[in-house]
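> 3D, please:
(2 chains)
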There are 2 protein chains.
Amino acid sequence: MAVDNLARNADSDVSATIDHLISATQSGMEAVNRLILSRSDSPVDMVPEIANHLIDAGGKRLRPMLTLASAALFGGANGNEIRFAAAVEFMHNATLLHDDVVDESDMRRGRPAARTIWGNQASVLVGDFLLGQAFLMMVESRDLDALGVLSRAAAVIAEGEVFQLAKAGDLSTTPEDYTKIIHAKTATLFEAATEVGAMAGGADALARKALAAYGCELGMAFQLVDDVLDYGGAGGVLGKNTGDDLREGKMTLPVILALESATGDERKTIEAVLGKPDAGQDAFEAVLAILNRYGTLKQTMAKAEHHAEAARAALSDVAPSLERDILFDVPEFCTSRAY
Amino acid sequence: MAVDNLARNADSDVSATIDHLISATQSGMEAVNRLILSRSDSPVDMVPEIANHLIDAGGKRLRPMLTLASAALFGGANGNEIRFAAAVEFMHNATLLHDDVVDESDMRRGRPAARTIWGNQASVLVGDFLLGQAFLMMVESRDLDALGVLSRAAAVIAEGEVFQLAKAGDLSTTPEDYTKIIHAKTATLFEAATEVGAMAGGADALARKALAAYGCELGMAFQLVDDVLDYGGAGGVLGKNTGDDLREGKMTLPVILALESATGDERKTIEAVLGKPDAGQDAFEAVLAILNRYGTLKQTMAKAEHHAEAARAALSDVAPSLERDILFDVPEFCTSRAY
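Got it, this is the predicted structure:
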């Protein structure tokens, strides 16, 4: 019930949900951005060129904002939240650089991907550099428990990406496989971002666990929505960036669920686009019609709403505050993008 | 003078120099190998498949042996030397996986490179996984100073690889550029390997510095020799694996020094192979003749011998012992490979 209400509310007041997070973390994010800039620098020109190309492109910097907000929730930020936030963003950017190579993507955040300008080779190596710098910032925090959280996340993310690659184009991929993949490749970093934020803020064990659960559920919702957006959102409307996942052979929930009900002919229609980078818009539109026929985009959104609700529920273990209200609104921002 | 003697001795007694290191670290290396195997495991099949493909291929595991021997030098190994040794080997293997993608290499350690079996994408991602696992093992050591050494190394190595990539095919690359590149991409990990070994062994600040210097100098010698071997060794003899560096556009010292003296025609002969993966053996043999004409392989070996001597000299700050004798012999093993 709450889910439906949120979905309806979203249309009327989408931007406000993230604005509170942005304004609450603004001064912290200025420090994070300074740290990001200084740690992307190198006498080897190509390093800051590539790093800044990606960093300048923006993106919402949702993960570092979540780290800062999670620290603020417990009042006692010790300075490490800035390092952790920058480290989390570096880990994220390293993953993006490597993902573009793996996915053979030409575009990233509305600009040419680094690999199309500087090549795959430089993208791999600058990704490695950012990962090294991320670990260095974590070490400077001298917080071994947080280091454990973040380094475990790095290994799990990579493992999830390998699993996703292994399942590429595999029509027998199950919803359970998909859940494992997005948990590893996306939810793990959101979870680490909020958990180390809570640690920097001085959260006790219970609150730390609550914030970890919040980040994990939020990350699940975020990825589910992202995968729906690749099919044009909950309404399944053809747009200029729709269909990339399917053309790359990526098995996401909307297509996995459709394959469960598809007729032989519909299956062939899906196979004609799956893993075919050059599949045209007509072919993709036929797939979209199948997804709409079986309502799998809406089913995927229902799952996203379920995780968004679980994220909010995780916060009930934390004392009410203005900061808690801000985090409470973020899941809605994530899901509302799809409507 | 000592250098010349060592070079001559090498022919007579090459294998013995590394045998002492192998036997002295044997039981420790069994523990390291167990840790490597268990930390390469994953429910995602492709992860252990690729990791074990590389690990089974062997290689000498020189770096982890150096970590163990550096710890043994100070008697008080605390168990972390096993973790550090495995972490160093994982960092090395992650670099190899990414290097093969960057260099577009088909072979590694006499077997098909992982990327030729599983593809570039899987090689990038499993490299990331190994790097994540390396950091996790370091965190488990709970030694923040050693963590700092190893994470700094990770960033410096990547930076050096980017610099090497930026200089690929660049005829104006200077010997100083080359020195910077091999210092970053190779010597840094040798330095980290021996430094964290010394730390695990309980070395004081002076001895720790000595072991770091030893590893750094040894790494410089190792890479110089490797670059000479790519031209068939100090004698410059055509063999089945010679010429890869030049065909990949890699500017190493033998060719940099030759370009300083080369005539216009000789320069053209070098350019005909530089960065040309398909350049034939005749074309490469013509380059080899130029290198032999100007004696640049021997000049490069002289520089390697100089670093080998500096590595031995660094050990003079450490009290004499059987363990010190073992480390003392390793630089000779490295240089003797080229004769």
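> Grab the nearest non-local neighbour of whatever residue of the stretch 151-300 of chain A ends up closest to chain B.
When distances are taken as C-beta to the nearest C-beta, the stretch 151-300 of chain A reaches nearest to chain B at residue A:155, 3.1 Å away. In this view, the C-beta of every residue, glycine as well, is placed from N, C-alpha and C. Computed as C-beta to C-beta, 6 or more residues apart in numbering or on different chains, the closest residue to residue A:155 that is not its neighbour in sequence is residue B:132, at 3.1 Å.
> Residue A:73 now?
residue A:323 (4.5 Å).
> does residue A:242 count as helix, strand or coil?
Judged by DSSP: H, G, I helix; E, B strand; the rest coil, the three-state class of residue A:242 is coil.
> follow-up on the earlier one: okay, the residue nearest to residue A:73 and residue A:64: tell me how far apart.
In this structure, residue A:323 and residue A:64 are 16 Å apart, going by C-beta to C-beta, to the nearest Å.
> between those two, who's got more neighbours?
residue A:64 (28 against 21; other C-beta atoms under 10 Å in any protein chain shown).
> I'd assumed residue A:86 was in contact with the more buried one.
Yes - shown here, residue A:64 and residue A:86 form a contact pair, counting by C-beta atoms under 8 Å, at 6.7 Å.
> Identify the contacts common to those two.
By C-beta atoms under 8 Å, 6 or more residues apart in numbering or on different chains, residue A:64 and residue A:86 have these common neighbours: residue A:32.
> Contacts only, for the residue of the stretch 1-150 of chain A found nearest chain B.
Closest contact between the stretch 1-150 of chain A and chain B, by C-beta to the nearest C-beta, is at residue A:132 (3.1 Å). Counting by C-beta under 8 Å, 6+ apart, residue A:132 makes contact with B:151-158.
> If we use 7 Å, what do you get?
By C-beta atoms under 7 Å, 6 or more residues apart in numbering or on different chains, the contact list for residue A:132 reads B:151, B:154-155, B:158.
> Next one: it from residue A:324, what distance?
Taking C-beta to C-beta, one finds residue A:132 at 35 Å from residue A:324.
> By neighbours, which of the contacts of residue A:132 wins?
So for the contacts of residue A:132 (other C-beta under 10 Å), the most neighbours sit at residue B:158, 29 neighbours.
> Quick check: residues of the stretch 51-200 of chain A near chain B?
A:98, A:101-102, A:121-122, A:124-126, A:128-129, A:131-133, A:135-136, A:139, A:142, A:144, A:147-148, A:151-152, A:154-155, A:158-159, A:161-163, A:165-166 (C-beta under 7 Å from any C-beta of the partner chain).
> So among these, which ones count as buried?
A:98, A:101-102, A:121-122, A:124-126, A:128-129, A:131-133, A:135-136, A:139, A:144, A:147-148, A:151-152, A:154-155, A:158-159, A:161-163, A:165-166 (16 or more other C-beta atoms under 10 Å in any protein chain shown).
> Any stretches of chain A with poor pLDDT?
Applying pLDDT under 70 to chain A flags residues A:1-16, A:58, A:109.
> quick revisit: and the contacts of residue A:132 as CSV, adding secondary structure?
Shown next, in CSV, are the contacts of residue A:132 (three-state DSSP):
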residue, secondary structure
B:151, helix
B:154, helix
B:155, helix
B:158, helix
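> Now do the same contact list for residue A:243.
residue A:284.
> redo that, cut-off 8 Å
A:230-231, A:273, A:279, A:281, A:284, A:287.
> By neighbour count, which of the residues you listed wins?
residue A:231 (29 neighbours).
> If we ignore the residues flanking it in sequence, what's nearest the residue nearest to the spatial centre of chain A?
Closest to where the C-alpha atoms of chain A average out (C-alpha atoms, centre = their mean) is residue A:186, at 5.0 Å. The shortest distance from residue A:186 to any residue other than its chain neighbours is 4.0 Å, reached at residue A:223 (C-beta to C-beta, 6+ apart).
> again, but for residue A:215
residue A:194 (3.2 Å).
> so what secondary structure elements neighbour whichever strand or helix holds residue A:83?
Residue A:83 is part of helix A:80-103 when elements are defined by DSSP states H and E. Contact partners of helix A:80-103 among helices and strands, from 3 or more C-beta pairs under 8 Å, 6 or more residues apart in numbering or on different chains; DSSP states H and E: helix A:26-39, helix A:46-56, helix A:62-72, helix A:114-141, helix A:144-166, helix A:188-201, helix B:114-141.
> related to what we said a few turns ago, return the residues in contact with the residue of the stretch 151-300 of chain A closest to chain B.
Contact analysis of residue A:155 by C-beta under 8 Å, 6+ apart lists B:129, B:132-133, B:135-136.
> picking up where we left off before, what about the residue nearest to residue A:73, which SS state?
helix.
> residues contacting it?
A:24, A:69, A:72-73.
> repeat for residue A:253
A:175, A:178, A:224, A:227, A:296, A:299-300, A:303.
> can you redo these as a markdown table with neighbour count and secondary structure?
A markdown table is the format used below for these (neighbours: other C-beta atoms under 10 Å in any protein chain shown; DSSP: H, G, I helix; E, B strand; the rest coil):
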| residue | neighbour count | secondary structure |
| --- | --- | --- |
| A:175 | 14 | helix |
| A:178 | 23 | helix |
| A:224 | 29 | helix |
| A:227 | 24 | helix |
| A:296 | 25 | helix |
| A:299 | 17 | helix |
| A:300 | 26 | helix |
| A:303 | 18 | helix |
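> ok, the residues you listed vs residue B:92, which is closest?
Comparing the contacts of residue A:253 against residue B:92 with C-beta to C-beta places residue A:178 closest, at 34.2 Å.
> And that closest one, how far from residue B:90?
Going from residue A:178 to residue B:90 by C-beta to C-beta gives 29 Å.
> do the same with residue A:294
45 Å.
> Have a look at those two and say which one is more surrounded.
Ranked by neighbour count (other C-beta under 10 Å), residue A:294 and residue B:90 place residue B:90 first, with 28 against 17.
> ok, that one - contacts?
B:36, B:39, B:130-131, B:133-134, B:137.
> What is the most widely separated pair among the residues you listed?
B:36 and B:131 (14.0 Å).
> For the residue nearest to residue A:64 when sequence neighbours are not counted, grab the count of nearby residues.
Excluding the flanking residues, the one nearest residue A:64 by C-beta to C-beta, 6+ apart is residue A:85, at 3.5 Å. By other C-beta under 10 Å, 33 other residues sit near residue A:85.
> cool, and residue A:41?
Around residue A:41 there are 12 residues (other C-beta under 10 Å).
> Off-centre distance for stretch A:124-133?
How far stretch A:124-133 lies from its chain's middle: 19 Å, per C-alpha atoms, centre = their mean, to the nearest Å.
> Dump the C-alpha coordinates for it into PDB.
The C-alpha coordinates for stretch A:124-133 follow below in PDB (Å, rounded to 0.1, in the frame of the first residue of the first chain):
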ATOM      1  CA  VAL A 124      42.100  -0.500 -17.600                       C
ATOM      2  CA  LEU A 125      45.200   1.000 -16.200                       C
ATOM      3  CA  VAL A 126      43.700   4.300 -14.900                       C
ATOM      4  CA  GLY A 127      40.900   2.100 -13.300                       C
ATOM      5  CA  ASP A 128      43.700   0.300 -11.500                       C
ATOM      6  CA  PHE A 129      45.300   3.500 -10.500                       C
ATOM      7  CA  LEU A 130      42.000   4.800  -9.000                       C
ATOM      8  CA  LEU A 131      41.500   1.600  -7.100                       C
ATOM      9  CA  GLY A 132      45.000   1.900  -5.700                       C
ATOM     10  CA  GLN A 133      44.300   5.500  -4.600                       C
END
